[in-house]
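Student: next input, structure requested:
(chains A and B)
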2 protein chains.
Amino acid sequence: MKIGIAGYGNLGRGVELAVKANPDTELAAVFTRRNPDAVKIQTPNVPVASLSDVEKWIDRIDVMILCGGSATDLPMQTPQLAKMFNVVDSFDTHAKIPEHFANVDAAAKSSNHVAIISAGWDPGLFSLARAYGNAILPGGRDYTFWGKGVSQGHSDAIRRIKGVKNAKQYTVPIDAALDAVRSGSNPELTTRQKHLRECYVVLEKSADAAEIEREIKTMPNYFADYDTTVNFISEEELIKNHGGLAHGGFVIRTGKTGTDHKHVVEFNLKLDSNPEFTANVLVACARAVNRFSAEGKSGCMTLLDIPPAYLSPLSNADLRKMLL
Amino acid sequence: MKIGIAGYGNLGRGVELAVKANPDTELAAVFTRRNPDAVKIQTPNVPVASLSDVEKWIDRIDVMILCGGSATDLPMQTPQLAKMFNVVDSFDTHAKIPEHFANVDAAAKSSNHVAIISAGWDPGLFSLARAYGNAILPGGRDYTFWGKGVSQGHSDAIRRIKGVKNAKQYTVPIDAALDAVRSGSNPELTTRQKHLRECYVVLEKSADAAEIEREIKTMPNYFADYDTTVNFISEEELIKNHGGLAHGGFVIRTGKTGTDHKHVVEFNLKLDSNPEFTANVLVACARAVNRFSAEGKSGCMTLLDIPPAYLSPLSNADLRKMLL
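Tutor: Numbering: from 1, shown residues only, chains lettered A, B, ... in the order given. Next up is the predicted model:
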């Protein structure tokens, strides 16, 4: 299975590693909007090409994995590339998934390609946990917790404050809330009870720390509804101790059967590298795309539409024997 | 969707409750090998019929859910009933799944029916967790822990000892082993390190407790490789404190990406009632069977072959909007 990577940031580099780890996949080319000569990849003898030349590769790539951002890249790129290739993306703006799905579906169907969107862990594996949980425990409740991990959006919000030089914000699930959910008591939890927000902030010279702390803690939507801690540190410390890409989280479905039998279904992830793990999900989805395409299917799908066996390199008989 | 229940023990009663909890399902009839007049069910105005008359119901049932045992009932019943109905079973003898699959597949294909076998939580949801984990973290390791819950096979083994009147055996996962796995250190664990065996035993009058304890603890395959505790209790205490059907367990996949980024993917269940939870999985699978049948598919499948969306009463568009 020949894989193309469109976009070579953290996620693109993760896909490159994932392709190396899966013997049934092979990297055909990396595509970039930058000057290709300036992009150095890790795999020897694989070309880096300009994204504007991508149509020249139509017959040489089985699945194109899109590694751009959800804000501006993927809404344009996924429909465009789905006209030329089978594609996989990790579009993660939950509220805009129906619109993105419709655009990609139209493009893929018009050109007889298969697309999987919103692959990763949330949306992705967490969506699967929610879908299985809902189907199996009707009338129950879902709880999703994120972290501990860096929220890019919240870090950006802090960096936009005047006097802030740099910042990282961790979303931290609160153990007491997790324990209450796991007890099966179906608690009603406020935003404040579910997650803490931990901020590490580097100030510009002569910035007013107290005022910036107040601005962060009262920022509507981002921080006002949470218990937030603000730690002022040096730029060196930020780079040294807060450069990691770890993340994770929990999806818990609770429900009852019969008169009062409680059930708790939990799925959780602890990831040292968010982009590298997401990349592995994308490559497993590329396998499913390739299979659907070989069957003559076309159009857009998500992980909710994929038989789990399609993600595996094993045959159905081996899966039944070894993993069922 | 009209559901038939074949076999009315704990699991059959659980399916009856699950049908009640799912508005898109309706109980058509319960089938029993016993005298139907002697079987009292919980749902008013639903007939109990003899399993030997089941063919009279061919046009009145969309999916038959088989609730017999894996040792002797299902290997015969599932292929037989798959010739007349779409079927779902919870066959759980892991080593014999390939054989059972082949038999059911032949029967279902010959009569144009759809069958899902080995639905439940292990095999079932745990198989899904293993399959997703393997596809996403190649080169990693799987760990499955069961419990705390009663093992029927181990309880039976104790009851066969001379001088034992009654017994219950709990399989208990060892926290230290779970913690070691969750750390991502990929530990090599012996049988003894993973699970404890806790036995509650009622003696016949004049039985030799010390000798029976020795017999249990040294029983090959069942107990010799484990740390086993034996508690002698009264029959009243056994009935009062050890009559529950709670169970659960953990599937953990660990693996690395890149140079040394560890990832831990965990799925766990805590169930107050093993049969009622299993029943809910069977009913969700009945929904998938009905959809495959409407598409004109036939043959045998397992949860590994089912797009998750097929298990849900929601439309694909609603699933994407609400759960993705």
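
Student: so how far is the host helix or strand of residue A:266 off the chain centroid?
Tutor: Residue A:266 belongs to strand A:261-271 when assigned by DSSP states H and E. Taking C-alpha atoms, centre = their mean, to the nearest Å, one finds the center of strand A:261-271 at 19 Å from the center of the full chain.

Student: and that strand, what's its mean pLDDT?
Tutor: The pLDDT scores in strand A:261-271 average 97.

Student: what's the answer for stretch A:91-108, then?
Tutor: 96.

Student: what's the answer for stretch A:14-26, then?
Tutor: 98.

Student: most remote residue from chain A's center?
Tutor: Distance to the chain centre peaks in chain A at residue A:259, reaching 38.7 Å (criterion: C-alpha atoms, centre = their mean).

Student: that one: what secondary structure?
Tutor: coil (DSSP: H, G, I helix; E, B strand; the rest coil).

Student: now it: how far from residue B:13?
Tutor: Between residue A:259 and residue B:13 the distance is 12 Å, computed by C-beta to C-beta, to the nearest Å. For the C-beta atoms, the positions are set from N, CA and C on the backbone; glycine is no exception.

Student: got it, and residue A:63?
Tutor: Distance from residue A:63 to residue B:13, by C-beta to C-beta: 47 Å.

Student: between these two, tell me which one has more neighbours.
Tutor: Per other C-beta atoms under 10 Å in any protein chain shown, whichever of residue A:63 and residue B:13 has more neighbours is residue A:63, with 27 against 19.

Student: so what's that one bridging to?
Tutor: On the basis of DSSP bridges, residue A:63 is bridged to residue A:3, residue A:86.

Student: pLDDT at it, what is it?
Tutor: Looking at residue A:63, its pLDDT is 98.

Student: repeat that for the one 4 residues further on.
Tutor: With respect to pLDDT, residue A:67 has a value of 97.

Student: pull the number of nearby residues for it.
Tutor: With other C-beta under 10 Å as criterion, residue A:67 counts 29.

Student: surely it is in contact with residue A:18?
Tutor: No - counting by C-beta atoms under 8 Å, residue A:18 is not a contact partner of residue A:67; they are 11.1 Å apart.

Student: anything in contact with each of those two?
Tutor: Counting by C-beta atoms under 8 Å, 6 or more residues apart in numbering or on different chains, the residues touching both residue A:67 and residue A:18 are A:279, A:282.

Student: quick check: phi and psi at the nearest residue to residue A:46 once chain neighbours are set aside.
Tutor: Spatial nearest neighbour of residue A:46, chain neighbours left out: residue A:27 (5.0 Å); criterion: C-beta to C-beta, 6 or more residues apart in numbering or on different chains. Phi and psi for residue A:27, reported as degrees, to the nearest 10, are phi -80, psi 120.

Student: residue A:27 and residue A:250, how far apart?
Tutor: Where residue A:250 is concerned, residue A:27 sits at a distance of 33 Å (C-beta to C-beta).

Student: which element is the residue nearest to residue A:218 when sequence neighbours are not counted on?
Tutor: Leaving aside its sequence neighbours, residue A:218 sits nearest to residue A:224 (C-beta to C-beta, 6+ apart; 5.5 Å). Element membership of residue A:224 [criterion: DSSP H and E] is none; it lies in no helix or strand.

Student: and for residue A:224, the neighbour number?
Tutor: Residue A:224: 13 neighbours (other C-beta under 10 Å).

Student: quick one, phi/psi of it?
Tutor: phi -60, psi -30.

Student: ditto for residue A:73
Tutor: phi -70, psi -60.

Student: how close does the residue nearest the centre of chain A get to chain B?
Tutor: By C-alpha atoms, centre = their mean, chain A has its centre lying nearest to residue A:120, at 4.1 Å. From residue A:120 over to chain B the distance is 11 Å, taken as C-beta to the nearest C-beta, to the nearest Å.

Student: now do residue A:249
Tutor: 11 Å.

Student: helix, strand, or coil at that residue?
Tutor: Residue A:249 is classified as strand under three-state DSSP.

Student: you'd agree it is up against residue A:144?
Tutor: Yes - the pair residue A:249 and residue A:144 qualifies as a contact (C-beta under 8 Å) at a distance of 6.8 Å.

Student: mind listing what's buried along stretch A:91-103?
Tutor: A:91, A:92, A:94, A:97, A:100, A:101, A:103 (16 or more other C-beta atoms under 10 Å in any protein chain shown).

Student: sorry, slip of the keys, the one I care about is stretch A:295-314.
Tutor: A:298-314.

Student: dihedrals phi and psi, residue A:28?
Tutor: Dihedral angles (degrees, to the nearest 10) for residue A:28: phi -90, psi -40.

Student: now it: how far from residue A:64?
Tutor: Residue A:28 is 9 Å from residue A:64, by C-beta to C-beta.

Student: overlap in contacts, these two.
Tutor: In contact with both residue A:28 and residue A:64: A:3, A:4, using C-beta under 8 Å, 6+ apart.

Student: so which of these two has more stuff around it?
Tutor: Using other C-beta under 10 Å, the more surrounded residue of residue A:28 and residue A:64 is residue A:64, with 31 against 20.

Student: could you check how far the more buried one is from residue A:22?
Tutor: 16 Å.

Student: do residue A:139 as well
Tutor: Residue A:139 is 40 Å from residue A:22, by C-beta to C-beta.

Student: of those two, who's got more company?
Tutor: residue A:22 (19 against 10).

Student: wait, the more buried one sits on residue A:283?
Tutor: Yes - between residue A:22 and residue A:283 a contact is recorded at 5.7 Å, counting by C-beta under 8 Å.

Student: give me the secondary structure label for whatever residue of the stretch 51-200 of chain A ends up closest to chain B.
Tutor: With C-beta to the nearest C-beta, the shortest gap between the stretch 51-200 of chain A and chain B falls at residue A:135, namely 3.9 Å. Of the three states, residue A:135 takes helix under three-state DSSP.

Student: ok, the nearest residue to it once chain neighbours are set aside - contacts?
Tutor: In this structure, residue A:135 finds its nearest non-sequential neighbour in residue B:311, 3.9 Å apart by C-beta to C-beta, 6+ apart. Residues counted as contacts of residue B:311 (C-beta under 8 Å, 6+ apart) are A:131, A:132, A:135, A:136, B:284, B:285, B:287, B:288.

Student: quick check, stretch A:251-262 touching chain B?
Tutor: Yes - Stretch A:251-262 lies within reach of chain B by C-beta under 8 Å from any C-beta of the partner chain, at A:257, A:258, A:260, A:261, A:262.

Student: wait, residue A:226 sits on residue A:193?
Tutor: No - using C-beta under 8 Å, residue A:226 is not in contact with residue A:193, being 9.8 Å away.

Student: in stretch A:33-53, what's buried?
Tutor: Result for stretch A:33-53 [16+ other C-beta under 10 Å]: buried residues A:36, A:39, A:41, A:48, A:49, A:51.

Student: hmm, who's touching it?
Tutor: Against stretch A:33-53 from outside (C-beta under 8 Å, 6+ apart): A:6-8, A:13, A:16-17, A:19-20, A:27-32, A:56-57.

Student: let's see which of these end up in helices.
Tutor: A:13, A:16, A:17, A:19, A:20 (DSSP state H).

Student: close to chain B: what parts of the stretch 101-250 of chain A are there?
Tutor: Counting by C-beta under 8 Å from any C-beta, the stretch 101-250 of chain A comes close to chain B at A:101, A:118, A:123, A:125, A:127-132, A:134-139, A:182, A:184.

Student: quick one: contacts of the helix or strand harbouring residue A:108?
Tutor: Per DSSP H and E: residue A:108 is located in helix A:97-110. Contact with helix A:97-110 is made by A:74-75, A:78-80, A:82-83, A:87, A:89, A:91, A:93, A:113-115, A:117-118, A:123, A:298-300, A:302, B:317, B:320-321, B:324, as judged by C-beta under 8 Å, 6+ apart.

Student: alright, that wraps it up for me.
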